[in-house]
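Visitor: The sequence and its predicted three-dimensional model are supplied below.
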Amino acid sequence: MHRRTAMLGAASAALALPTLLRSDPALAQAPAPAPSPGTPGFFRFRLGSFTVTTLFDGFFQRPAAGFIRNAEATDVERVLRESFLSPDPLRIPYSVTMVQTGQHTVLFDVGTGGQLAPTGGWMFANMRAAGVTPEQVTLIVHSHFHADHISGLTTRENQVVFPNAEIAVPEPEWRFWTDEGQASRAPEAMRPAFAGVARRFGPYGNRIRQFAPGTEVVAGIRSIAAHGHTPGHTVFEVTDGNQGLLVLGDTTNRPELFARNPGWHAIFDMDPQAAEANRRALLDRAATDRLAVTGYHFPFPIAGRIARDGQGYRFVAADWIDGI
Ligand SMILES: [Zn+2]
């Protein structure tokens with residue numbers, strides 16, 4: 001029988017945060033996000049001999065209006081209401097999936113580092129509550145380079161936060177965001193994203209390794225090309241024994257919207273058609289194979305499964321007691 005632990009509320013982690021920040025030289029430089037007593041912490045389950053822990057990083061808020069390119073506001077509001085979500089503000093969670101393989105302690109993306117929204121950056125406190133320090137992370141695997149996925153790599157002063165980690169990045173994503181031609185042709189609004197990539201990855205120097213989507217990153221973690229959200233957006237299949245987990249990154253934003261309506265296009269999708277095709281293919285596969293999934297913008301506990309539902313799909317959260 002697998003031992004599974006769920007920790008909800010994480011009031012203890014929230015209360016302990018100021019002490020943790022003081023005692024960690026890297027985190028001491030990060031701003032202290034205001035913890036909320038109701039903030040979920042981490043959720044842990046077994047995958048074969050691996051341990052998977054989802055780490056809640058916080059959320060940002062925006063109005064639902066203008067978030068989806070190709071849906072009527074009334075349809076979006078109806079779907080949100082059916083999921084008990086507010087259209088204004090619409091709350092969009094951030095989360096990181098951590099996998100301990102025995103060989104490696106792996107993070108999939110790194111959260112916001114408390115540098116994007118005042119209601120974010122809690123991943124570090126939740127990781128510590130789960131018994132892991134930034135020094136123990138040996139590998140960081142990136143799905144793509146949007147700021148909410150990479151800002152936790154460095155402090156506000158741009159110091160390295162993970163001193164012992166190798167950084168694995170999808171080759172097409174790296175190529176796009178480090179191409180000076182792309183940066184110079186990009187619309188004004190995208191310029192900060194290019195600068196952010198240079199800033200966050202720069203301090204890691206030669207510890208950055210590019211991988212071709214479709215190849216194995218390390219034993220048990222295979223990458224799957226899923227471009228569209230960004231030019232090199234990549235998802236990951238984690239396998240041990242006969243158990244599999246899809247780390248879906250930004251295949252969907254909130255599943256209540258985009259699993260339910262895979263044809264809806266979030267404003268962040270750079271190539272909406274490609275993003276939709278990959279979203280449909282991955283959701284279909286997750287549902288058919290009954291795979292465990294995590295998604296970066298999924299609601300806590302972040303892990304669960306994908307079920308078919310009408311013309312779309314539905315995220316079924318992992319059970320608190322039994323995990324998945
Ligand atoms: Zn994202």
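Guide: On my side now, so go ahead. Numbering: from 1, shown residues only.
Visitor: use CA for all of it now, contacts and neighbours both
Guide: Fine.
Visitor: got any ranges where the stretch 101-250 of the chain has weak pLDDT?
Guide: Within the stretch 101-250 of the chain, no range satisfies pLDDT under 70.
Visitor: Quick one: the strands in it, in order.
Guide: Secondary structure of the stretch 101-250 of the chain (DSSP state E, counting those that start in this stretch): strands at 105-108, 139-141, 166-170, 208-211, 216-218, 221-225, 234-240, 243-247.
Visitor: Ok, which of these comes nearest residue 132?
Guide: Closest of those to residue 132 is strand 105-108, at 8.9 Å (criterion: C-alpha to C-alpha).
Visitor: Who are the packing partners of the closest one?
Guide: strand 90-100, strand 139-141 (3 or more C-alpha pairs under 8 Å, 6 or more residues apart in numbering; DSSP states H and E).
Visitor: in the first one, what counts as buried?
Guide: It refers to strand 90-100. For strand 90-100, burial by neighbour count (16 or more other C-alpha atoms under 10 Å) applies to 90-100.
Visitor: Could you export the residues you listed to TSV, including columns for distance to residue 290 and pLDDT?
Guide: Output for these, formatted as TSV (distance: C-alpha to C-alpha, whole Å; pLDDT from 0 to 100):
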residue	distance to residue 290	pLDDT
90	29	96
91	28	95
92	25	96
93	24	96
94	24	96
95	22	97
96	21	98
97	19	98
98	21	98
99	20	98
100	22	98
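Visitor: quick one: contacts of stretch 89-98?
Guide: For stretch 89-98, contacts defined as C-alpha atoms under 8 Å, 6 or more residues apart in numbering pick out 52-64, 85, 105-112, 120, 123, 148, 247, 253-254, 294-299, 302.
Visitor: again, only this time at 6 Å
Guide: Residues outside stretch 89-98 that contact it (C-alpha atoms under 6 Å, 6 or more residues apart in numbering): 52-64, 106-108, 296-297.
Visitor: now do stretch 180-200
Guide: 154, 177.
Visitor: okay, how far is it across it, tip to tip?
Guide: Start-to-end span of stretch 180-200 (C-alpha to C-alpha, to the nearest Å) is 16 Å.
Visitor: rewinding a little: tabulate the buried residues of strand 90-100 (a markdown table), appending distance to residue 144.
Guide: Formatted as a markdown table, these follow (distance: C-alpha to C-alpha, whole Å):
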| residue | distance to residue 144 |
| --- | --- |
| 90 | 23 |
| 91 | 21 |
| 92 | 18 |
| 93 | 17 |
| 94 | 14 |
| 95 | 14 |
| 96 | 13 |
| 97 | 14 |
| 98 | 16 |
| 99 | 18 |
| 100 | 21 |
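Visitor: Just give the number of residues close to residue 116.
Guide: 16 (other C-alpha atoms under 10 Å).
Visitor: Now do it against residue 150, distance only.
Guide: 11 Å.
Visitor: Ok, which of the helices and strands packed on strand 105-108 comes nearest residue 130?
Guide: Nearest to residue 130, of all these, is strand 90-100, at 10.2 Å by C-alpha to C-alpha.
Visitor: so the closest one versus strand 243-247, what angle?
Guide: With axes from the mean of the first three to the mean of the last three C-alpha atoms, to 10 degrees as the basis, strand 90-100 and strand 243-247 are set at 140 degrees to each other.
Visitor: Next, the angle strand 221-225 makes with strand 90-100.
Guide: Using the same axes, to 10 degrees: strand 90-100 against strand 221-225 is 140 degrees.
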